[in-house]
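**Student:** fold the following, please.
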Amino acid sequence: MEKFLWKFTDVGNDGSPHAKNIAGGKWTQAADETVAVLHGGSWLSCNLQTWSKAYIKYCAKLPMHRYGNHHSRIDDKVLATDIKLHLQCVGKYVSAQEIVNYLSNPEVQSHHGLSKTISLVTAQRWMLKLGYHWKEEEKGQYVDGHEREDVVTYHQKEDDVMVEEDLDELPRHRRVVVWFHDESTFYAHDRHDVRWVHSTEAAVPKPKGEGASLMVAHFVSADYGWLQSKDGAETAHILFKAGKGWDGFFTMDNIIAHAKLAMDILDKYFPHDDHILIFDNATTHVKRADDTPAARNMPKNPSKTWGPMVTTKDMHGNVMHDANGKPLKSKMQLADTHLIDGTLQSFYFMEGHEKAWLRFSMNEDLMKKQASNRNVLASNVPLARCRIAAPIVSFIISPTLSMSSHTLKLFVRNMCWGFAKQVYRQFKLSSKEDDLEHNVIAACDSIPLQTMCKFAIRSRRFIDAYQKGLNGMQAAWAVKKYCGHRILPESIMQNFDNTTPTV
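**Tutor:** Okay, here's the model as predicted:
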């Protein structure tokens, strides 16, 4: 208005326009030229003239602009509530188009006083005001399978029994330390994809693929953290490059070697404690020795050609492959077993026997003996659960300890490894294998012992939740609610009705 009135009143001494302002004294032309400078049109020109006339008639009252005072229809609490209820009915995967379609309903328009629906852009702005944000979905605790009736029953009835059976074998005057074993794979190009990016940052070339991988196998406990010497010079971690062209694959032989390494470190640096080494129920961890007797595929009659097929390895323990890249297989003899009275029993005819040329002799006499002792040839019983009594330290190695199935996943995999990978993703991106190894070790060593203790307490609350009859989703809710407790209250089941809590 000020510019318009200055342009209109800028005239010569005789009241006529002058050369520098040909719109002087011309009301409409002055308004049009003023609006043109502001890139406006005829609508703004008409309003400018109207506002100026009102100001001239009454100078004490200036027209007020509406910038910043606009109220959207979504600010109506009734309308916002109805739209939220509609989006909840749609389900998990909602979109802005759902609001557009909802407001297209004549009944909805009549109820809220609308004459038409809104545009898609407006619906997207309304989604933000309703609390929705376009981003990656946050991940919580995995509960798939934990709520199955057989799993819950297993945790409730078997945990305490099997733990007590193992602990009874150890001296009660010594502290028992539980060590969890697990593996995790780190990738060279694994970095955070979602972050705050400044507007001035330009796109940079990104390496293709996940890059080199490095598997880490380690033992961890809530008492000492990672299994290593106090100065960190000697550690139980194993760095393994998985793949046919690298170190092969992590087999039962590697598990046994890792367990021996752990026991050597414990015997050397922690002789004042007794230890339980817990492995999860992975197939590799419960595998029997290749020559272990198993009645599943044994022939009934003596055979010349039968024998268990095993993978052929070279003198260094590496798997051998044929020209097509497939592992070589060969047959081997079964190891001798013991009958129930302790008698050593071989599955093969001795040298000098008339049937010594037969490779396998599951004869009738042996079958009769086996019938009286069905545990001799158990078809699928893992033999890795054992107790090792050293002169100073006692160990229990158990891949079937029931508390490990959920505690191991939650304590080691989801928490300790998750913390380490969170730190690892903050390192500078590099495709070099030396940097990968250095960053992986630094990330694992960055977990404070106090944080591991908190992880262990949270895992214990999950075990206690299962023992009290909660399923997976209920346990996740209860653990979050009672985060300051070591165990859940005895009255926890009273907090649940027929509905399932939302986590």
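
**Student:** need the strands for this protein, in chain order.
**Tutor:** Secondary structure of the chain by DSSP state E: the strands cover 175-187, 213-221, 225-226, 238-240, 273-278, 309-311, 329-331, 337-338, 344-345, 386-389, 394-398.

**Student:** in JSON lines, list those strands along with mean pLDDT, mean neighbour count and distance to Lys116.
**Tutor:** Quick note: C-beta positions are derived from backbone N, CA and C, even for glycine. Listed next are the strands of the chain as JSON lines, based on pLDDT from 0 to 100; neighbours: other CB atoms under 10 Å; distance: least, CB to CB, whole Å:
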{"stretch": "strand 175-187", "mean pLDDT": "88", "mean neighbour count": "20", "distance to Lys116": "52"}
{"stretch": "strand 213-221", "mean pLDDT": "92", "mean neighbour count": "22", "distance to Lys116": "56"}
{"stretch": "strand 225-226", "mean pLDDT": "91", "mean neighbour count": "20", "distance to Lys116": "64"}
{"stretch": "strand 238-240", "mean pLDDT": "91", "mean neighbour count": "18", "distance to Lys116": "64"}
{"stretch": "strand 273-278", "mean pLDDT": "86", "mean neighbour count": "23", "distance to Lys116": "65"}
{"stretch": "strand 309-311", "mean pLDDT": "81", "mean neighbour count": "13", "distance to Lys116": "72"}
{"stretch": "strand 329-331", "mean pLDDT": "84", "mean neighbour count": "12", "distance to Lys116": "74"}
{"stretch": "strand 337-338", "mean pLDDT": "78", "mean neighbour count": "14", "distance to Lys116": "84"}
{"stretch": "strand 344-345", "mean pLDDT": "80", "mean neighbour count": "11", "distance to Lys116": "89"}
{"stretch": "strand 386-389", "mean pLDDT": "40", "mean neighbour count": "12", "distance to Lys116": "77"}
{"stretch": "strand 394-398", "mean pLDDT": "51", "mean neighbour count": "21", "distance to Lys116": "69"}
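
**Student:** wait, which of the ones you listed is closest to Asp445?
**Tutor:** Taking CB to CB, strand 225-226 is the member of the strands of the chain nearest to Asp445, at 7.5 Å.

**Student:** and the pLDDT for Thr502?
**Tutor:** In this model, Thr502 is scored at 51, pLDDT.

**Student:** picking up where we left off before, in JSON lines: the strands of the chain, plus distance to Leu130.
**Tutor:** Below are the strands of the chain laid out as JSON lines (distance: least, CB to CB, whole Å):
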{"stretch": "strand 175-187", "distance to Leu130": "38"}
{"stretch": "strand 213-221", "distance to Leu130": "42"}
{"stretch": "strand 225-226", "distance to Leu130": "45"}
{"stretch": "strand 238-240", "distance to Leu130": "49"}
{"stretch": "strand 273-278", "distance to Leu130": "47"}
{"stretch": "strand 309-311", "distance to Leu130": "59"}
{"stretch": "strand 329-331", "distance to Leu130": "62"}
{"stretch": "strand 337-338", "distance to Leu130": "70"}
{"stretch": "strand 344-345", "distance to Leu130": "75"}
{"stretch": "strand 386-389", "distance to Leu130": "60"}
{"stretch": "strand 394-398", "distance to Leu130": "52"}
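
**Student:** so which of these is nearest Trp477?
**Tutor:** Nearest to Trp477 among the strands of the chain is strand 175-187 (24.9 Å), distances taken as CB to CB.

**Student:** who are the packing partners of that closest one?
**Tutor:** Packing contacts for strand 175-187, counted by 3 or more CB pairs under 8 Å, 6 or more residues apart in numbering; DSSP states H and E, involve strand 213-221, helix 252-269, strand 273-278, helix 418-424, helix 433-445.

**Student:** what's the angle from the third one to helix 252-269?
**Tutor:** In other words, strand 273-278. Between strand 273-278 and helix 252-269, the angle comes out at 160 degrees (axes from the mean of the first three to the mean of the last three CA atoms, to 10 degrees).

**Student:** partner strands of strand 273-278 and their direction?
**Tutor:** Strand pairing for strand 273-278, determined by DSSP bridges: strand 175-187 (parallel), strand 394-398 (parallel).

**Student:** Ser42 versus Ala36, what's the distance?
**Tutor:** Remark: distance between Ala36 and Ser42 (CB to CB, to the nearest Å) = 11 Å.

**Student:** about what we covered before: so which of the strands of the chain gets nearest Pro489?
**Tutor:** strand 175-187 (24.8 Å).

**Student:** how deep is the nearest residue to Asp190 once chain neighbours are set aside tucked in, by neighbour count?
**Tutor:** Leaving aside its sequence neighbours, Asp190 sits nearest to Arg425 (CB to CB, 6 or more residues apart in numbering; 6.1 Å). If you count neighbours by other CB atoms under 10 Å, Arg425 ends up with 15.

**Student:** please look at Arg425 and Asp193 and confirm they touch.
**Tutor:** No: using CB atoms under 8 Å, Arg425 makes no contact with Asp193, being 9.3 Å away.

**Student:** is Asn21 in a bridge, and if so with what?
**Tutor:** Beta-bridge partners for Asn21, by DSSP bridges, are His18.

**Student:** quick check: it touching Asp10?
**Tutor:** Yes: at 4.6 Å, Asn21 counts as touching Asp10 under the criterion of CB under 8 Å.

**Student:** between those two, which one's more packed in?
**Tutor:** Of the pair Asn21 and Asp10, Asn21 is the one with more neighbours under other CB under 10 Å, namely 18 against 15.

**Student:** now for the more buried one: which residues touch it?
**Tutor:** Shown in contact with Asn21 (CB atoms under 8 Å, 6 or more residues apart in numbering): Lys7, Asp10, Val11.

**Student:** what sits closest to the last one if chain neighbours are left out?
**Tutor:** Same thing as Val11. Per CB to CB, 6+ apart, closest to Val11 is Gly24, 4.0 Å.

**Student:** can you get me a residue count around the one you found?
**Tutor:** With other CB under 10 Å as criterion, Gly24 counts 19.

**Student:** what of Glu490?
**Tutor:** When neighbours are defined as other CB under 10 Å, Glu490 has 8 of them.

**Student:** find the nearest non-adjacent residue to it, please.
**Tutor:** Lys468 (7.6 Å).

**Student:** contacts only, for that neighbour.
**Tutor:** Applying CB under 8 Å, 6+ apart, one finds that Lys468 lies in contact with Gln156, Leu488, Glu490, Ile492, Met493.

**Student:** and the furthest pair within those residues?
**Tutor:** Within these, Gln156 and Glu490 form the most distant pair, 14.2 Å apart (CB to CB).

**Student:** what's the closest of the strands paired with strand 273-278 to Val220?
**Tutor:** Across these, Val220 has its closest neighbour in strand 175-187 (5.6 Å, CB to CB).

**Student:** pull that closest one out as CSV, backbone CA atoms only.
**Tutor:** Extracted as CSV, the C-alpha positions of strand 175-187 are listed here (Å, rounded to 0.1, in the frame of the first residue of the first chain):
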residue,chain,number,x,y,z
ARG,A,175,31.5,-69.2,41.9
VAL,A,176,30.0,-70.5,38.6
VAL,A,177,30.5,-68.3,35.5
VAL,A,178,28.3,-68.9,32.5
TRP,A,179,29.9,-68.2,29.1
PHE,A,180,27.8,-67.9,26.0
HIS,A,181,29.2,-68.8,22.6
ASP,A,182,28.0,-67.2,19.4
GLU,A,183,29.2,-66.0,16.0
SER,A,184,28.4,-62.9,13.9
THR,A,185,29.5,-61.7,10.5
PHE,A,186,30.6,-58.2,9.8
TYR,A,187,30.7,-56.7,6.3
